[in-house]
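[1] coords please:
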Amino acid sequence: MNSFKIPNINDEKSVLKTIRLKYKTLERIEELSQSNDISVNRLINECIEFALDNLSNNNIDNNEDSK
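    Model (predicted):
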């Protein structure tokens, strides 16, 4: 698997979208954000991009019990 790196951000188009996060997940994101001096928004976007770039269809579990 590739390593996770936070790239420089240029002006990119974005959209506003509301999502729900587990409380513990948000705590972890906020800790990482603070310790790396980046915004929560930027960290979430980079995590999503990393996950999508490293996802294969075989890794998707459609089992509702795993949520």
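[2] so where's the chain uncertain?
    Within the chain, the stretches with pLDDT under 70 are 1, 5-11, 57-60, 62-67.
[3] please repeat the previous calculation with a cut-off of 80.
    1-14, 56-67 (pLDDT under 80).
[4] just the helices in it please.
    Along the chain, the segments classed as helices by DSSP state H run 23-35, 40-53.
[5] now do the last one: distance to the chain's middle.
    Between the centre of helix 40-53 and the centre of its chain there are 3 Å (Cα atoms, centre = their mean, to the nearest Å).
[6] if we can go back for a sec, would CSV of the helices of the chain with distance to V15 and mean neighbour count be doable?
    C-beta coordinates here come from the backbone N, C-alpha and C atoms, glycine included. Formatted as CSV, the helices of the chain follow (distance: least, Cβ to Cβ, whole Å; neighbours: other Cβ atoms under 10 Å):
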stretch, distance to V15, mean neighbour count
helix 23-35, 20, 11
helix 40-53, 11, 13
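[7] ok, which of those helices comes nearest N2?
    N2 sits nearest to helix 40-53 of all the helices of the chain, at 7.3 Å, using Cβ to Cβ.
[8] so which of the helices of the chain is nearest E12?
    For E12, the closest of these is helix 40-53, at 9.0 Å, according to Cβ to Cβ.
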